[in-house]
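K.L.:
Quick one, fold the following:
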Amino acid sequence: MEFTIDKDRSQIRILVIEDEDYARECISDFLELVGFSAVQAKNGREGVELFGKCEPDIVITDIKMPEMSGFEILKFVRVYSAETPVIVISGTSSLDDVAQCLKLGAWDYIVKPVYDYGVLEMSVLRALEKKQLLEENKRYREYLEDEVIKRSDELLSSAVRFKTLFNLASDVLFIHDRDGKIIDCNEAAFRHTGYGRKRLLEMNMRDIVSPEDVGHFERVMARLPRKSSVMYELRCVNKEGAVSVMELHATMVTAEAEPTVFVIGRDVSERRRMEQEREELMAQVEAAHRVELVGMLVSGIAHDFNNVLTALTGYASLLQADAAKMGAPLAGYAEKINDIAAKGQGLTARLMSFIRKKREELVPVDVHKALQETEQLLRPNSKQVRIDLELGAEKHIVLGGDSQIQSVFLNLGLNARDAMPDGGVLTFRTYNEERCVGSERKGCGFVCIDVADTGTGMDESVISKIFEPLFTTKRQGSGTGIGLASVLYCVKNMHGSVGVDSKVGAGATFKVSFPLYDGGAHKTVDLSGKRVLVVTEDAETARRICGRLEREGIGARHVSEPETALDMARDGAENTAAVIVDYDLHMYDENSFVNALADAAPDMLVIKMLSKERITLGSNKNYLAFVNVSTDSDMFFEALAMYIQDRAC
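P.N.:
Okay, the predicted model is just below:
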């Protein structure tokens with residue numbers, strides 16, 4: 001890559017600030033070898049002194065140095081000579097340091113040790129070219145600004161022409177003396193400040209500047225006689241007390257006997273707000289990337305851990321068989337080892353499912369049994385905590401995964417234990433509710449589990465973030481920030497809900513609820529009076545699904561046109577149990593069809609067919625929303641029958 005610079009290399013001075021003698025001399029020798037003039041400084045303070053004396057074209061600096069760090073040098077250069085390029089060469093590759101340097105105005109960042117000094121030469125040439133372009137742009141801008149000033153001087157000679165243009169300008173325009181006394185301003189200034197003309201012309205610029213920025217305004221005015229124009233930002237306060245960020249361009253005008261300052265102002269509050277939102281979005285993207293990296297790491301660990309558990313279960317099975325032949329009591333211990341290893345494999349499978357965002361097949365699970373097993377697992381590691389089980393729910397069978405449910409209770413239990421460093425009481429309480437907030441289901445009801453502790457509690461700022469990945473209040477090295485995110489994932493996968501009530505110093509109560517499972521309920525439901533519409537253009541798929549539905553005693557009808565299906569659902573809503581919709585429809589996608597169906601028949605259950613073999617049940621309702629269920633699965637037809645029974649209740 002070729003770089004074009006106007007100066008001869010020997011005329012370009014490069015200030016090298018480095019506290020390591022060997023590194024400083026190597027960089028300087030290389031720069032002089034390729035034709036540049038190098039000036040050395042062994043620390044930051046000496047570098048600042050040489051900066052004022054030799055006025056270098058480029059500064060190369062380390063970050064960590066005695067007396068004055070690279071960060072302070074960047075701040076110094078940005079204040080006193082922002083157009084001077086600064087290249088950072090540092091032994092640290094921390095993203096935080098890189099981001100901080102770039103934020104402070106570094107033009108490039110090179111990681112030591114430098115094995116290829118050609119990289120340094122390229123960075124220097126690139127910075128010189130960029131500086132040259134910026135200087136040309138500045139000269140051109142100054143040329144344009146000079147032209148504006150000339151035109152302004154011409155306009156000042158004609159009061160009428162000047163006032164016309166002055167007042168028609170959309171930007172805020174001020175003319176004030178060197179002390180800040182306002183001499184004149186345009187209509188935009190009156191609108192922006194909220195003051196009338198008479199009142200504003202009696203004021204000083206300091207009166208409309210935020211008190212925190214008055215000092216900055218005075219420093220800018222002090223610099224203005226040495227420079228023809230200055231661009232700066234101030235926070236201004238209007239008559240109502242509202243604060244806005246103004247970008248101001250001040251120019252010293254000497255057309256009259258007494259020099260005046262001509263100021264062009266533009267409200268950039270919205271731009272600054274958008275920039276802040278962009279920074280926040282970038283932070284969220286960075287956090288998402290960290291989650292992805294954590295997921296990749298955990299995936300590998302889970303795989304290796306699963307291999308270890310597989311070997312453990314194999315040897316435990318051999319031990320169990322040998323012990324059983326000899327009639328030894330070790331057989332029972334071996335069985336326990338097998339059971340624990342199986343639970344570990346289940347947790348590993350759930351972890352992999354969480355990382356890959358894949359939902360597992362759901363099976364009936366006894367919540368009380370899972371809580372009793374959780375209590376046994378928690379007790380050895382919770383010596384100072386009393387664990388109480390208040391299992392008051394009469395119905396406690398749900399559809400889920402045993403490892404998932406136990407993971408939910410383990411994570412909540414361990415967090416509660418950590419919130420009680422001096423001991424306390426951890427209570428698992430179950431009870432039944434007919435309805436749950438946010439759910440439309442009316443059938444079998446819900447089992448609710450309260451996980452309550454007497455620990456330190458949380459304030460609202462913590463509660464609002466606890467389910468975010470990587471968020472943790474524990475000290476560094478003690479928490480990963482993944483536990484409660486995993487809890488939320490598992491609960492949502494089982495179509496439940498989770499919330500928390502807490503106050504600082506009053507403990508915390510996590511409230512978990514799952515829809516109850518009533519296995520076999522479809523056997524007692526008369527489905528003959530209900531029909532299911534299968535909306536797809538694929539005749540073979542429709543034949544297969546309709547045939548299976550009819551074998552189960554559910555009426556089915558294939559509809560190839562979406563508009564016809566909408567009319568049938570609207571006119572025959574009482575006899576239509578559900579609509580199964582293909583993911584690929586003429587003039588519709590599955591989401592737009594669901595929206596249209598919601599307008600035609602708001603209470604209709606829609607089943608999205610994500611492929612020709614698999615479906616999602618209850619995609620438009622919070623009701624047993626199975627994902628990745630085959631259209632040949634008994635679970636699908638059982639869940640559909642349960643829905644029809646619930647609707648009949």
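K.L.:
hey, let's count contacts and neighbours off CA atoms from now on
P.N.:
OK.
K.L.:
Assumed Val451 was part of a helix.
P.N.:
No - applying DSSP: H, G, I helix; E, B strand; the rest coil, one finds Val451 to be strand, outside a helix.
K.L.:
Run a quick check on it versus Gly413, I expect a contact.
P.N.:
Yes - using C-alpha atoms under 8 Å, Val451 is in contact with Gly413, at 7.4 Å.
K.L.:
neighbour-wise, which of those two wins?
P.N.:
Using other C-alpha atoms under 10 Å as the criterion, Val451 and Gly413 rank with Gly413 on top: 24 against 21.
K.L.:
any chance you could map the helices in the stretch 501-649 of the chain?
P.N.:
539-551, 562-571, 590-600, 634-648 (DSSP state H, counting those that start in this stretch).
K.L.:
Run the chain-centre distance for stretch 559-570.
P.N.:
41 Å (C-alpha atoms, centre = their mean, to the nearest Å).
K.L.:
ignore the last one, stretch 389-400
P.N.:
With C-alpha atoms, centre = their mean, you get 36 Å for stretch 389-400.
K.L.:
What is the end-to-end distance of it?
P.N.:
21 Å (C-alpha to C-alpha, to the nearest Å).
K.L.:
and that stretch, which residues are buried?
P.N.:
Residues 391, 393, 395-400 are the ones in stretch 389-400 that count as buried (16 or more other C-alpha atoms under 10 Å).
K.L.:
Which residue is the nearest non-sequential neighbour of Ala188?
P.N.:
Val172 (5.1 Å; C-alpha to C-alpha, 6 or more residues apart in numbering).
K.L.:
what's around that neighbour, how many residues?
P.N.:
That count, for Val172 with other C-alpha under 10 Å as the rule, works out to 23.
K.L.:
Val86 too?
P.N.:
For Val86, using other C-alpha under 10 Å, the count is 28.
K.L.:
okay but it is in contact with Ile58, surely?
P.N.:
Yes - between Val86 and Ile58 there is a contact under C-alpha under 8 Å: 6.1 Å.
K.L.:
Quick check: which ranges of the stretch 201-350 of the chain have low pLDDT?
P.N.:
255-257, 280-281, 283-300, 302-304, 306-311, 314-315, 320, 324-333, 343, 345-350 (pLDDT under 70).
K.L.:
got the residue ranges for the strands in it?
P.N.:
Assigned by DSSP state E, counting those that start in this stretch, the stretch 201-350 of the chain shows strands spanning 229-237, 243-253, 260-267.
K.L.:
Kindly report the same for the stretch 1-150 of the chain.
P.N.:
13-17, 37-41, 58-61, 86-90, 108-111.
K.L.:
These into CSV, with extra columns for distance to Pro225 and mean pLDDT?
P.N.:
Formatted as CSV, the strands of the stretch 1-150 of the chain follow (distance: least, C-alpha to C-alpha, whole Å; pLDDT from 0 to 100):
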stretch, distance to Pro225, mean pLDDT
strand 13-17, 29, 91
strand 37-41, 32, 91
strand 58-61, 27, 92
strand 86-90, 28, 89
strand 108-111, 34, 89
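K.L.:
Including distance to Asp213, could these go into a markdown table?
P.N.:
Below are the strands of the stretch 1-150 of the chain laid out as a markdown table (distance: least, C-alpha to C-alpha, whole Å):
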| stretch | distance to Asp213 |
| --- | --- |
| strand 13-17 | 33 |
| strand 37-41 | 35 |
| strand 58-61 | 30 |
| strand 86-90 | 28 |
| strand 108-111 | 31 |
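K.L.:
all strands for the stretch 401-550 of the chain, in order.
P.N.:
For the stretch 401-550 of the chain, the strands defined by DSSP E, counting those that start in this stretch cover 424-433, 446-453, 497-502, 508-515, 531-535.
K.L.:
wait, which of those strands is closest to Leu168?
P.N.:
strand 497-502 (57.1 Å; C-alpha to C-alpha).
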